[in-house]
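Asker: Give me a model of this one.
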Amino acid sequence: MQDLRDQALLDVQVGVQQVRQDLSVGIQQIQEDLTLDSLVCASQVRLDTGKKCLDGTRTKILNEILDWMNNPNPATPPIFWLYGQAGRGKSAITHTIALHAQNLGMFGSCFCFSRTRQHERLHVKLFTTIARDLADHDLRLRPILAKVVTNSHSLRDTADIAEQWRKFILEPLAELEGPLSQNVIVVIDALDESGAEATREKILGILAAYDERFPANIRIVLTSQPIKDIGQKLLESNHVQARSLDDVEVESVTRDIAHYISTTLKKLCAAFSNRDVEQLAVKSNGLFKWAYLACDFLHPGIGVIPSKRFHKIMSHAGDGANLLDDIYTMSLKDLIPGDTDVLERFHSVMRQILWSREPLSISALDSMHCKFTQEDDRFPVGTILGCMVSFLTGTTDFSTPICPLHALFYDFLLDKKRSGEFFIDEADVHHELALALLCVMRDSLQFNICGLETSYVRNSAVTDLAMKIEKHIPLHLLYSCQFWATHLHDSTFDTDLAKHVMDIVTGERILFWMEVLGVCKCIGEADRALTSAEGWLQVNMLYCIS
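Answerer: As a prediction, this is how the structure comes out:
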């Protein structure tokens, strides 16, 4: 009996000790999560499995990259730069590689730049995002990275890219006890879309200057268009393996595109012969983006005769750079068949979209559009956007931001020589937007907009603040509070617009405006906005007096 009691007591002691250890580990993990979550990382830049290559296509270039990925030789160049002209399918290849690495347990991170998101300054979040992903891949990095962030609060949101690289990636990796168990793949897609040349200069400098502390088995797949500054940096580096998609055999690419077209048209239940498919593939001139748009143009629908559209595509004498322009023009002419009123509405909506500082949903666009000065501009934007599913995302959902399926579409619309009647000029869009945003603020701002019970606690202490913000501060109002002064700065002067500005900045609404910025963590915008508005008023008032 005594032996039994002693054993039971021992079991209890061991159990309590184990529980304490588990609790300690759990608390440590929670603390690490909270610390790492404080890093400023990018959202919606990760792997998208829906963008991978169609099975059976791009096999040669994929195998080439996979061989490089799996090569155990430490002398293997750690960076594989895949470059080519727009529309060649670089992004599809990188998403396929990232997915393959994920399936093999080799996936480290995937970061995709986008030209339409340059206003978000994604380039300053590149290395923080990669570091956070690497910490999820190798749990040994979590406490090291958490310690770095804890010991230096200023690093959490620093815009110093070189410091991020050193503190978040190089030094934490150097502290690891023992090497990484296998090759780890990091994908950086569309570096050319990160911003202007000056924007990516530091990133290129870091990637081109090999550091001995960087583990040999971390491999970086990098894609871009063959832009001069990128090529100069990377082609001169010995640790970069460069591969041009423009140099891939024409027969191989054409065969892959034919397979893609055949598969896609079968899904659309469109009856085309093998010869038709081959003709389309040859017509594509190696541009997968053209093939995608062509298949969409041939989609059977009400009033659509696929065979006529096929002959229309084949009759266009386009090749090379103007192929995408031809398909864009044909598609838009089919949607806007010579109707002047519809064309003007198209210009109005796309002008608003192209010069907005960040993507907006149909609902938000509508809420601003109805405040435009011209009565002809006050119409539901969905009447235009609803038929543009081939070019834009968010056209079927009123709450999803409108973005191009490919940045080339916006490039097309902004170049008059290429787009002709569909060219979107800047015109007086900033004046219209500034006035609309000021009207939105005038009609929507109010005291205690989120209905908080007390103002004597910090915003961080309000447990359901995020829900209150979502309920009471719609996207169009938040956009108005953030960017009215930005559009005002680029606006032509008139007394009506000036009166709206004075109404906001000299009355009680300025406090309501600052409250919105405060709860939405955008209060830093207030000083810049007021300084900009003051300058706009002074300059224009002096001009009017003189």
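
Asker: Tyr440: which element?
Answerer: Actually, residue 440 is Val rather than Tyr. Using DSSP states H and E, Val440 maps to helix 429-444.

Asker: swap that for Arg243, please
Answerer: Per DSSP H and E: Arg243 is located in strand 240-244.

Asker: got the angle between the one helix or strand Leu66 maps to and strand 240-244?
Answerer: Using DSSP H and E, Leu66 maps to helix 59-70. Using axes from the mean of the first three to the mean of the last three CA atoms, to 10 degrees, the inter-axis angle of helix 59-70 relative to strand 240-244 is 170 degrees.

Asker: quick one: contacts for the nearest residue to Val282 once chain neighbours are set aside?
Answerer: Leaving aside its sequence neighbours, Val282 sits nearest to Thr254 (CB to CB, 6 or more residues apart in numbering; 6.2 Å). Bear in mind the C-beta positions are built from the backbone N, C-alpha and C, glycine included. Taking CB atoms under 8 Å, 6 or more residues apart in numbering as the contact definition, Thr254 lies against 281-282, 284, 286.

Asker: ranking those residues by neighbours, who comes first?
Answerer: Greatest neighbour count in the contacts of Thr254, by other CB atoms under 10 Å, goes to Ser284: 26 neighbours.

Asker: Pull up the gap between that one and Ile257, please.
Answerer: Computed with CB to CB, to the nearest Å, the distance linking Ser284 and Ile257 is 5 Å.

Asker: which residues do these two both contact?
Answerer: Shared contacts of Ser284 and Ile257, defined by CB under 8 Å, 6+ apart, comprise Ala291.

Asker: Each with direction, which strands does the strand holding Arg243 pair with?
Answerer: strand 79-83 (parallel) (DSSP bridges).

Asker: for the strand it pairs with, what is the average pLDDT?
Answerer: Mean pLDDT, strand 79-83: 95.

Asker: Which strands and helices lie in contact with the helix or strand just after that strand?
Answerer: Downstream of strand 79-83, the next assigned helix or strand under DSSP H and E is helix 90-103. The helices and strands touching helix 90-103, judged by 3 or more CB pairs under 8 Å, 6 or more residues apart in numbering; DSSP states H and E, are helix 59-70, strand 79-83, strand 107-112, strand 184-189, strand 218-224.

Asker: Run through who's touching whatever helix or strand comes next after the third one.
Answerer: It refers to strand 107-112. Downstream of strand 107-112, the first helix or strand assigned by DSSP H and E is helix 126-137. Residues from elsewhere that reach helix 126-137 (CB under 8 Å, 6+ apart): 36, 39-42, 45, 107-111, 141-142, 145, 161, 164-165, 168-169, 172-173, 184, 186, 188, 194, 203.

Asker: With only the CA atoms kept, save helix 126-137 in PDB.
Answerer: Provided in PDB are the C-alpha atoms of helix 126-137 (Å, rounded to 0.1, in the frame of the first residue of the first chain):
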ATOM      1  CA  LEU A 126       9.600  42.700 -48.300                       C
ATOM      2  CA  PHE A 127      12.200  41.500 -45.900                       C
ATOM      3  CA  THR A 128      10.000  41.700 -42.800                       C
ATOM      4  CA  THR A 129       7.500  39.500 -44.500                       C
ATOM      5  CA  ILE A 130      10.100  37.000 -45.700                       C
ATOM      6  CA  ALA A 131      11.600  36.900 -42.100                       C
ATOM      7  CA  ARG A 132       8.200  36.200 -40.600                       C
ATOM      8  CA  ASP A 133       7.600  33.400 -43.100                       C
ATOM      9  CA  LEU A 134      11.000  31.800 -42.500                       C
ATOM     10  CA  ALA A 135      10.300  31.800 -38.700                       C
ATOM     11  CA  ASP A 136       7.100  29.800 -39.500                       C
ATOM     12  CA  HIS A 137       9.200  27.400 -41.600                       C
END
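
Asker: can you start the count at 272 instead of 1 from here on
Answerer: Sure, I'll start numbering at 272, so the last one becomes helix 397-408.

Asker: Identify each buried residue in the following helix or strand past that helix, please.
Answerer: Next in sequence after helix 397-408, counting helices and strands by DSSP H and E, comes helix 412-422. Within helix 412-422, the residues scored as buried using 16 or more other CB atoms under 10 Å are 412-417, 419-420.

Asker: now for helix 412-422, which elements pack on it?
Answerer: On a contact count with 3+ CB pairs under 8 Å, 6+ apart, helix 412-422 meets helix 273-308, helix 397-408, helix 442-446.

Asker: how far away is Gln546 from Ala552?
Answerer: To be clear, residue 546 is Arg; Gln isn't right here. Counting by CB to CB - Arg546 and Ala552 are separated by 11 Å.

Asker: hang on, I meant Phe439
Answerer: According to CB to CB, Phe439 and Ala552 sit 45 Å apart.

Asker: Then Ile368?
Answerer: According to CB to CB, Ile368 stands 24 Å off from Ala552.

Asker: got it, and Ser803?
Answerer: Taking CB to CB, one finds Ser803 at 52 Å from Ala552.

Asker: tell me the contacts of the nearest residue to Arg317 once chain neighbours are set aside?
Answerer: Nearest residue to Arg317 in three dimensions, chain neighbours excluded: Cys381, at 5.3 Å (CB to CB, 6+ apart). The contact partners of Cys381, taken as CB under 8 Å, 6+ apart, are 316-318, 365-366, 369, 404, 457-458, 460.

Asker: In three-state terms, how would Asp482 be classified?
Answerer: Here Asp482 is recorded as coil under DSSP: H, G, I helix; E, B strand; the rest coil.

Asker: Once you drop chain neighbours, what's closest to it?
Answerer: Excluding its sequence neighbours, the residue lying closest to Asp482 (CB to CB, 6+ apart) is Leu441, at 6.1 Å.

Asker: follow-up on the earlier one: check the helices and strands packed on helix 412-422 for me: which has the lowest mean pLDDT.
Answerer: Looking at the helices and strands packed on helix 412-422, the weakest mean confidence is helix 273-308, a mean of 59.

Asker: Buried residues in the helix holding Leu337, which are they?
Answerer: By neighbour count on 16+ other CB under 10 Å, the buried set for helix 330-341 is 332, 336-337, 339-340.

Asker: how far away is the closest residue in space to Phe650 that isn't next to it in sequence from Leu393?
Answerer: Taking CB to CB, 6+ apart, and ignoring the residues beside it in sequence, Phe650 has Arg616 as its nearest neighbour in space, at 6.3 Å. Using CB to CB, we find Arg616 at a distance of 32 Å from Leu393.

Asker: more neighbours, those two?
Answerer: Neighbour comparison, Arg616 and Leu393: the larger count goes to Leu393, with 22 against 19 (by other CB under 10 Å).

Asker: re the thing from before, among the contacts of helix 397-408, name the buried ones.
Answerer: When the contacts of helix 397-408 are checked for burial by 16+ other CB under 10 Å, the buried set is 307, 310, 312-313, 316, 378-382, 412-413, 416, 432, 435-436, 439-440, 443-444, 455, 457, 459, 465, 474.

Asker: Just the endpoints, please. Distance across stretch 474-492?
Answerer: Across stretch 474-492, the terminal residues are separated by 14 Å (CA to CA, to the nearest Å).

Asker: what's the model's confidence in it, averaged?
Answerer: Here the average pLDDT along stretch 474-492 is 87.

Asker: One more: stretch 717-725?
Answerer: Mean per-residue pLDDT for stretch 717-725: 90.

Asker: Mind listing what's buried along that stretch?
Answerer: Buried, per 16+ other CB under 10 Å, within stretch 717-725: 720-721, 723.

Asker: got the CA coordinates for it in PDB?
Answerer: Only the C-alpha atoms of stretch 717-725 are listed here, as PDB (Å, rounded to 0.1, in the frame of the first residue of the first chain):
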ATOM      1  CA  GLN A 717     -20.200  62.900 -36.700                       C
ATOM      2  CA  PHE A 718     -19.200  62.900 -33.000                       C
ATOM      3  CA  ASN A 719     -18.200  59.500 -31.500                       C
ATOM      4  CA  ILE A 720     -18.800  57.900 -34.900                       C
ATOM      5  CA  CYS A 721     -18.100  54.400 -33.600                       C
ATOM      6  CA  GLY A 722     -20.400  54.800 -30.600                       C
ATOM      7  CA  LEU A 723     -17.700  54.100 -28.000                       C
ATOM      8  CA  GLU A 724     -19.000  54.000 -24.400                       C
ATOM      9  CA  THR A 725     -16.200  56.100 -23.000                       C
END
